[in-house]
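*Asks:* Can you look at this prediction? I've put the sequence above it.
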Amino acid sequence: MSDIITQLKALKLQGMADCYAELQSQGASGATASLDSSVWLLRHLLEAEANDRGIRSLRYQMNAARFPVHRNLLGFDFGQSRVDKPLISTLATLEFTDAAQNLVLVGGTGTGKTHLATAIGVAGIQHHGKRVRFYSTVDLARISHQRN
């Protein structure tokens, strides 16, 4: 019972959380099977709501990141670019964000900077719940110019 109340509160459904114990005790006087089916239904409804909110949050974060295209590390050809694969794998864990550090990739045209930056950012959103924002060099220069 307490796990359902915890989920209701986590979903900011305080009224449902407050009434749940009372409703369950009222249902206890009825048939056990109907109480079990009610708990089953409520549990599944809570899971569906939590999943839906998670999906909407991911979609929102992906749009807010303003990636030029959706990329992942599986699609990057490390054989075609002089990139330190172990370093990229370490960066993809996003541990550098724990120290509030940014990631800037520098290199010539066609070296995979955008692909890698996007893939690392996507991993941050999907696997680590991070908020990410992609900036091109042109974007950064424009922002810097506007502030001065």
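*Replies:* Received it, and whenever you're ready, just let me know what you need.
*Asks:* for this structure, what helix or strand is lowest in average pLDDT?
*Replies:* In the chain, no helix or strand scores lower on mean pLDDT, DSSP states H and E than helix 14-28, which sits at a mean of 70.
*Asks:* longest helix anywhere in this structure?
*Replies:* If you go by DSSP state H, the chain has its longest helix at helix 32-65.
*Asks:* Tell me how far the helix or strand following that helix lies from the chain's centre.
*Replies:* Using DSSP states H and E, the next helix or strand after helix 32-65 towards the C-terminus is helix 85-91. Centre-to-centre, helix 85-91 and its host chain are 21 Å apart (C-alpha atoms, centre = their mean, to the nearest Å).
*Asks:* Which elements pack onto helix 85-91?
*Replies:* Packing partners of helix 85-91 (3 or more C-beta pairs under 8 Å, 6 or more residues apart in numbering; DSSP states H and E): helix 113-128. (Each C-beta comes from the backbone N, C-alpha and C, glycine too.)
*Asks:* Following the chain onward from the helix it packs on, which element is next?
*Replies:* helix 137-147.
*Asks:* Can you point out the buried residues in that next one?
*Replies:* When burial is assessed from 16 or more other C-beta atoms under 10 Å, helix 137-147 yields no buried residues.
*Asks:* before we move on, what about stretch 94-109?
*Replies:* In stretch 94-109, counting by 16+ other C-beta under 10 Å, buried: Leu94, Thr97.
*Asks:* Determine how far that stretch lies from the middle of the whole chain.
*Replies:* The gap between where stretch 94-109 is centred and where its chain is centred comes out at 19 Å by C-alpha atoms, centre = their mean.
*Asks:* State the mean pLDDT of that stretch.
*Replies:* Mean pLDDT, stretch 94-109: 88.
*Asks:* Grab the CA positions of that stretch and hand them over as PDB.
*Replies:* What follows is stretch 94-109, C-alpha atoms only, in PDB (Å, rounded to 0.1, in the frame of the first residue of the first chain):
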ATOM      1  CA  LEU A  94      28.700  12.500 -18.600                       C
ATOM      2  CA  GLU A  95      30.700  12.400 -15.400                       C
ATOM      3  CA  PHE A  96      32.300  15.700 -16.500                       C
ATOM      4  CA  THR A  97      29.000  17.400 -15.800                       C
ATOM      5  CA  ASP A  98      29.200  16.500 -12.100                       C
ATOM      6  CA  ALA A  99      32.000  19.200 -11.900                       C
ATOM      7  CA  ALA A 100      29.800  21.600 -13.900                       C
ATOM      8  CA  GLN A 101      32.100  21.400 -16.900                       C
ATOM      9  CA  ASN A 102      31.200  22.000 -20.600                       C
ATOM     10  CA  LEU A 103      32.300  20.000 -23.500                       C
ATOM     11  CA  VAL A 104      33.800  21.700 -26.600                       C
ATOM     12  CA  LEU A 105      34.900  19.700 -29.600                       C
ATOM     13  CA  VAL A 106      37.400  21.200 -31.900                       C
ATOM     14  CA  GLY A 107      38.500  19.900 -35.300                       C
ATOM     15  CA  GLY A 108      38.400  20.400 -39.000                       C
ATOM     16  CA  THR A 109      35.400  20.000 -41.300                       C
END
